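1. requesting a structural model of the entry that follows:
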Amino acid sequence: MPIPLPRSKVKKNQTWNTESVFASPEAFDVEVQSLIESLAEIKKYQGRLGDGPDTFIEAMNTMEVLARRAAKVQVYATMSSAVDTADQGGAAMNGKAMSAMAQVGATTSFVDPELLSIGEAKLRQWLKDDPRMKLYEHYFNDLFRKQAHVRNAEVEELLGMLRDPFGNTRNTATMLANADFKYKHARISKRKKAE
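-> Okay, here's the model as predicted:
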């Protein structure tokens with residue numbers, strides 16, 4: 001069986017086009033930092049979601065932009081680390097992305113508890129009164145279906161922050177499972193190697 005080449009030795013045209021996501025690892029680092037700094041834009045909506053559909057929709061649009069940016073960071077880091085688990089630069093980027101995702105999750109964790117405190121009747125009335133709210137009908141249905149499992153904002157924030165350390169544990173397990181360990185051929189007998 002041929003030994004796979006490390007990513008650094010594979011022809012460029014046979015690799016993922018990481019430059020289509022970020023021009024360089026430095027550009028990735030800049031976006032991660034910018035993403036973390038922009039989390040304050042979300043916090044300004046905490047405690048205000050019940051102000052009405054305009055505020056709610058504005059908050060959701062802001063969070064959607066943030067989620068897209070976070071996903072882009074995660075995709076780039078995964079492209080860099082999944083190909084070669086021995087690539088320390090890729091592993092470091094993956095760690096940065098996971099940490100950023102945890103911070104995004106912790107920052108946006110107030111939304112579900114706050115919507116539950118607003119109450120189903122009021123949210124259903126918004127759905128009736130404002131055609132823009134129709135987009136969120138399934139989200140509300142799902143939220144009230146799972147409401148017994150949603151904790152208060154502080155607990156949800158803590159659970160969001162736990163994504164980082166628990167994610168690192170999962171990442172380590174994945175790296176070990178996917179690593180290209182080199183083993184000597186097993187022998188069936190003194191003279192014959194196992195295929």
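2. tell me, what residue is most central in this structure?
-> Centroid-nearest residue in the chain, with Cα atoms, centre = their mean: Met101, separated by 4.6 Å.
3. buried residues in the strand or helix carrying Met60, which are they?
-> Take DSSP states H and E as the rule and Met60 turns out to sit in helix 53-82. Applying a neighbour-count criterion of 16 or more other Cβ atoms under 10 Å, the buried positions in helix 53-82 are 53, 56-57, 59-60, 62-63, 66, 69-70, 72-74, 76-77, 79-82. Where C-beta positions appear, they are placed from N, C-alpha and C, glycine not excepted.
4. how far off centre is it?
-> For helix 53-82, the separation from the chain centroid amounts to 8 Å (computed by Cα atoms, centre = their mean, to the nearest Å).
5. which other helices and strands does that helix contact?
-> helix 25-37, helix 40-43, helix 88-107, helix 120-129 (3 or more Cβ pairs under 8 Å, 6 or more residues apart in numbering; DSSP states H and E).
6. and those helices as a markdown table, adding distance to Glu114 and mean pLDDT?
-> Rendered in a markdown table, the data for the helices and strands packed on helix 53-82 read as follows (distance: least, Cβ to Cβ, whole Å; pLDDT from 0 to 100):
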| stretch | distance to Glu114 | mean pLDDT |
| --- | --- | --- |
| helix 25-37 | 22 | 95 |
| helix 40-43 | 12 | 92 |
| helix 88-107 | 13 | 86 |
| helix 120-129 | 11 | 96 |
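7. distance to Glu137 for the ones you listed - can I get that in JSON lines?
-> Conversion of these to JSON lines gives the following (distance: least, Cβ to Cβ, whole Å):
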{"stretch": "helix 25-37", "distance to Glu137": "29"}
{"stretch": "helix 40-43", "distance to Glu137": "23"}
{"stretch": "helix 88-107", "distance to Glu137": "24"}
{"stretch": "helix 120-129", "distance to Glu137": "6"}
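8. any idea which of these is most buried?
-> Of the helices and strands packed on helix 53-82, the one with the most neighbours on average (mean count of other Cβ atoms under 10 Å) is helix 88-107, at a mean of 19.
9. alpha carbons only: can I get that one in PDB?
-> Extracted C-alpha coordinates of helix 88-107, given in PDB (Å, rounded to 0.1, in the frame of the first residue of the first chain):
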ATOM      1  CA  GLN A  88       0.700  21.700  14.000                       C
ATOM      2  CA  GLY A  89      -0.300  24.900  12.200                       C
ATOM      3  CA  GLY A  90      -3.600  23.300  11.200                       C
ATOM      4  CA  ALA A  91      -4.200  22.000  14.600                       C
ATOM      5  CA  ALA A  92      -3.600  25.400  16.100                       C
ATOM      6  CA  MET A  93      -6.000  27.000  13.700                       C
ATOM      7  CA  ASN A  94      -8.600  24.400  14.500                       C
ATOM      8  CA  GLY A  95      -8.200  25.200  18.200                       C
ATOM      9  CA  LYS A  96      -8.600  28.900  17.600                       C
ATOM     10  CA  ALA A  97     -11.700  28.200  15.500                       C
ATOM     11  CA  MET A  98     -13.200  26.000  18.200                       C
ATOM     12  CA  SER A  99     -12.500  28.600  20.900                       C
ATOM     13  CA  ALA A 100     -14.200  31.300  18.700                       C
ATOM     14  CA  MET A 101     -17.200  29.100  18.200                       C
ATOM     15  CA  ALA A 102     -17.500  28.500  21.900                       C
ATOM     16  CA  GLN A 103     -17.400  32.300  22.500                       C
ATOM     17  CA  VAL A 104     -20.100  32.800  19.900                       C
ATOM     18  CA  GLY A 105     -22.200  30.100  21.500                       C
ATOM     19  CA  ALA A 106     -21.800  31.600  24.900                       C
ATOM     20  CA  THR A 107     -22.600  35.100  23.700                       C
END
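10. thanks a lot, see you next time.
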